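In: Just need the structure, nothing else, for what follows:
(chains A and B)
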Amino acid sequence: MQRVAVVVFPGSNCDADTLDAARAAGSEAYYVWHRDTDLKQADAVILPGGFSYGDYLRSGAIARFSPVLRAVTAHARAGGPVLGICNGFQILCEAGLLPGALMRNIRLKFLSRPVRVRVETADTPFTNRYERGEELTLPIAHGDGRYVADAPTAAELEANAQIVLRYVTENPNGSTHDIAGVCNAGRNVVGIMPHPERRNALVLGGQDGARVFLSLEARNATQHAGDMRAVDGRHLRV
Amino acid sequence: MIDPQITPELVQEHNLTTEEYERILALLGRTPTFPELGIFSALWSEHCSYKHSRPILKSFPTTGPQVVQGPGENAGVLRLPDGWAVAFKIESHNHPSAVEPYQGAATGAGGILRDVFTMGARPVALLNSLRFGPLDQPRNRYLFAGVVRGIGDYGNCVGVPTLGGEVDFAPGYSGNPLVNAMCVGILREKDLIKAAAHGVGNLLLAVGSRTGRDGIHGASFASEELTQESEQRRPQVQVGDPFTEKLLLEASLELIGSGHIVAIQDMGAAGLTSSSAEMAARGGVGVEIDLSKVPTREPGMTPYEILLSESQERMLVVAKADRVKEVQAIAAKWELDATPIGRVTDDGMYRCLWEGKVVVEIPGQRLVDDCPVYYPEAAEDPRIAALRTASPTHHAPRTTPTQALLALLDSPALASKRWVFEQYDSTVQASTAIPPGGDAGVLRVRYTDFGIAVKTDCNSRYVRLDPYEGGKATVAEAARNVACTGARPLGITDCLNFGSPERPEVFYQFREACRGIADACRALGTPVTGGNVSFYNESPSGAVDPTPVVGMIGLLTRIDRAVPSHARAPGDVVFVLGETRAELGGSAYWEICHDFIGGQPPRVNLDDEKRLGDFLVAGAERGLFRSAHDCSHGGLGVALAEVAMGGPYQVQGFGLDVDLSTYHAPLTTHQLLFSESHGRAVITCSAERVAAVQALAGELGVPALRVGSVGPVDGTFRIVLRDEKVEESVGRLRELYFGAIPRRMGD
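Out: Predicted coordinates for the structure are as follows:
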């Protein structure tokens, strides 16, 4: 059982959904308040969707300065798994933990709808229960979801297989290379625009998102996790 | 700053009649102070006092075993299984949206959210009901785009899914759009809290945003007609801050759960004045407020301004006398201020102080109760009566049934509203079982097996032509929509949008529509739990079409049995339920293909409607249907097309093969396809379920005609009629239906 910290900013609004989805996958999930500096020995951290601090300036621009982000950054630098969903993805880009940036949708409108995405790599702590090339239906709901990276960065992401999810059939927001999700070079930090926590049960129209959370539970069996241990909130390689 | 002298002109500017002012003088035994005049103006405005509508509203059925809280509170509450309950309310924000569509609509969503979470309920769904003039006019497009963006930005940020609603376009709304917002919340019944101040010595705290100069006299503004000068009212439109709303939501629910407070109310219309006066009157106590303690956004605000400001995202909380620190600690956690501004007293007076001096002193109960009640004259406009017996005179060039169907699917009023609802987050909270685009929105209640279905409805064409039948139809259609998903209709909230009640033809519409709503609610067992009246929806071009919007709640005992609206598998059998009659009056077909809005709208047989509802719910519970869709605006032709075209995010539709050539009633092709007879629905089921469907229909006395089958993916939509047929590829239908609004909005 993994300890999963779900970070709550005052304007988070997918925190409860994310906590539930992680618990449904068997994790021991709990909240960490944005003013906290201790992740309480988390094995993994999730930054949920929402509008962290209202996002009137720029999505995630204020959140990157929050006290909890220092702890999240330390966790990430130590190789601990971090997932940012939607606003969480925006925050991870703002904080420099992921390359690129998320800009206003190309049609300049908020867009809420199911999309088709392809899993481009199973080699992350959050996608190891998917097959590479598998197509999923997941909801998006964002105004600032256009992933932008300059040409050399995009080429590097492609070359290193750092693209985690890619829109297929239709690119809803104008993202570079149809990118819906990326990971860092260390593969432990992942950001995605679609909301897997909103599609993890048949009653919600499908369960394509469930394995994002199950992957975390399965990751002990993979090369990513087995060698990580948290001691007093800090991660050490053993 | 010195308050102005009270003159007849000043009284008039405050929208108070001479008689009303006389009553104030008698009540006080002296001339009111300037702040007192402002208070009376606000609380005795139509918006707050219901002075023209109260006697009519009394005729609504408001009780039933499922009613936990009827009208009179911030929101109505209905009972759900296992100790759960649902709080819900609808409210208008028409006037502000007409002059500032983005903020007007955004703050409408904000206000209705607060009405629901102040009952102790967590908001789980937003809905809306919108009316605009035709989209060929730039002003209407501007209002439409601004309103939709305003609702979206607010609800999306707060994190409450917008689960549906309705949008209609008609010339009667040009320059006078209607923006009604509904919120639905879930709570444990035992956690319900009411907005009644009590406990002498308990303290009043202002929680949330500071008080500014925005929205002063919004309630009075909402109680007058729109004129050329209304544009100057733009500064009276409040500005919304959804992030603070989210903080306020969390803080309020935490405060309610903490036991430190006894009452809480939104400072909504008429701001501090109405929230404090209403809470005091409900609790039968007095209050004393020190206005100089109210945190203000700018220096130099007067008592008058502080009392009447409608700055958003503010709450008035009555805290237990010894718990102020605890209340402040919870507020601080959510980065909000909580400032003691007054106390509950035992003398029944509504009293305000300013720098140590009494500036307001009014007997509290009488301030709320003594507002005059009016019984306006009601008389039908003879032109409407004449229109009802008319029929299209100059026939438009004869359209084939296929052409007519395509024209209907391409009209913004009937076309898919995907352009609208994809700007609203409809899946946040991870509970959405049926998203917008179906008959009703359906969501699960977390940690239970049941769910609720929610829908807003109103066809104003029917109400305009025959307000009584139109009122009935509004409730009947909402109930039918909810029942199509498999949910049993439980109760309604209503938002009654009309012109000036001082005009006899408008008051006639109002009275008759309410009579229709009341009769339908009685017959269908769906009591009215509250709502809102919005009069004076008039612009220089006249009154809006009468638009009594109903928001319906239904209960699905098994959420996993929720029934979608659209065909799902080739080969499935198609049934038409109910009777189609020669009822083209008020129809979309006459409006769009003959440019004629008139005739006798279809009449509702409430017994038939009840039976149909029972059938839909029973069939869904037994898992008989693959889909169920209400047949209403646009008739059978449009309903069948919608079943075939599929949901808004389906990549392709299905063909449909329907044969109506032997339909028993003597109807013309166009009557058969486009009559809007009530009490009908279209269902599809698998071949194995046909016998069970027929048996259930026979048992419950619902006419069920097997008319055809679902065709292949992306196939042909075909209806065979006696001597004609409708035939078109479903792809073409989808193109028109999903493209109609984006094409007109230029994207």
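In: in chain A, what spans have low per-residue confidence?
Out: Within chain A, the ranges that satisfy pLDDT under 70 run A:219-238.
In: centroid residue for it?
Out: In chain A, the residue lying closest to the centroid (Cα atoms, centre = their mean) is A:Gly84, at 2.6 Å.
In: can I assume that one sits in a strand?
Out: Yes: per DSSP: H, G, I helix; E, B strand; the rest coil, A:Gly84 lies within a strand segment.
In: In this model A:Leu102 seems to touch it, though I could be wrong.
Out: No: A:Gly84 is beyond contact range of A:Leu102, at 10.2 Å (criterion: Cβ atoms under 8 Å). C-beta: built from backbone N, CA, C; applies to glycine.
In: Quick check: neighbours shared by those two?
Out: Taking Cβ atoms under 8 Å, 6 or more residues apart in numbering or on different chains as the contact rule, the neighbours common to A:Gly84 and A:Leu102 are A:Gln90.
In: contacting residues around the residue in chain A that chain B sits nearest to?
Out: Using Cβ to the nearest Cβ, the single residue of chain A nearest to chain B is A:Asn13, 2.4 Å away. With contacts taken as Cβ under 8 Å, 6+ apart, A:Asn13 has the following neighbours: A:Pro48, A:Gly49, A:Gly50, A:Phe51, B:Cys157, B:Val158, B:Gly159, B:Lys246, B:Val428, B:Gln429.
In: Check the gap between the residue nearest to the centre of chain A and A:Thr127 for me.
Out: A:Gly84 is 14 Å from A:Thr127, where distance means Cβ to Cβ, to the nearest Å.
In: tell me, what's touching those two both at once?
Out: Counting by Cβ under 8 Å, 6+ apart, the contacts common to A:Gly84 and A:Thr127 are A:Val190.
In: got a pLDDT number for the residue of chain B found nearest chain A?
Out: Going by Cβ to the nearest Cβ, chain A is nearest to B:Gly159 of chain B, at 2.4 Å. Looking at B:Gly159, its pLDDT reads 95.
In: same deal with B:Glu224?
Out: Turning to B:Glu224, the model gives it a pLDDT of 67.
In: ok, for B:Arg139, nearest residue in space, not its chain neighbours?
Out: B:Gly175 (7.1 Å; Cβ to Cβ, 6 or more residues apart in numbering or on different chains).
In: isn't there a strand covering that neighbour?
Out: No: counting by three-state DSSP, B:Gly175 is not found in a strand; it is coil.
In: Quick check: it touching B:Ser541?
Out: Yes: counting by Cβ under 8 Å, B:Ser541 is a contact partner of B:Gly175 at 6.2 Å.
In: More neighbours: these two, which one.
Out: More crowded of B:Gly175 and B:Ser541, by other Cβ atoms under 10 Å in any protein chain shown: B:Gly175, with 19 against 13.
In: Show the contacting residues for the more buried one.
Out: Counting by Cβ under 8 Å, 6+ apart, B:Gly175 has contacts B:Ala98, B:Gly133, B:Arg139, B:Leu226, B:Ser539, B:Pro540, B:Ser541.
In: Mind putting these into CSV with distance to B:Pro703 and secondary structure?
Out: Converted to CSV, those look like this (distance: Cβ to Cβ, whole Å; DSSP: H, G, I helix; E, B strand; the rest coil):
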residue, distance to B:Pro703, secondary structure
B:Ala98, 44, helix
B:Gly133, 39, coil
B:Arg139, 46, helix
B:Leu226, 46, coil
B:Ser539, 44, strand
B:Pro540, 48, coil
B:Ser541, 43, coil
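In: and the least confident of those?
Out: B:Leu226 (65).
In: ok, back up a step: leaving out the residues flanking it, which one is nearest to the residue of chain A closest to chain B?
Out: In space, and not counting its chain neighbours, A:Asn13 is closest to B:Gly159: 2.4 Å by Cβ to Cβ, 6+ apart.
In: List the residues that contact the one you found.
Out: So, once contact is read as Cβ under 8 Å, 6+ apart, B:Gly159 ends up touching A:Asn13, A:Cys14, A:Gly50, B:Lys246, B:Asp425, B:Val428, B:Gln429.
In: re earlier: of the contacts of A:Asn13, closest to A:Ser175?
Out: When those are ranked by distance to A:Ser175 (Cβ to Cβ), A:Gly49 comes first, at 16.8 Å.
In: Quick check, the closest one in contact with A:Cys86.
Out: Yes: under the criterion of Cβ under 8 Å, A:Gly49 makes contact with A:Cys86 at 3.5 Å.
In: List phi and psi for the residue of chain A closest to chain B.
Out: Main-chain torsions, A:Asn13, degrees, to the nearest 10: phi -130, psi 0.
In: Quick one: name the residues of chain B near chain A.
Out: By Cβ under 8 Å from any Cβ of the partner chain, the residues of chain B that approach chain A are B:149, B:152-153, B:156-159, B:241-244, B:246-247, B:250, B:334-335, B:421-433, B:435, B:444, B:446, B:559-560, B:562, B:648-649, B:651, B:747.
In: Do a quick rundown of the helices in chain A.
Out: For chain A, the helices defined by DSSP state H occupy A:15-24, A:67-77, A:87-94, A:151-159, A:210-218.
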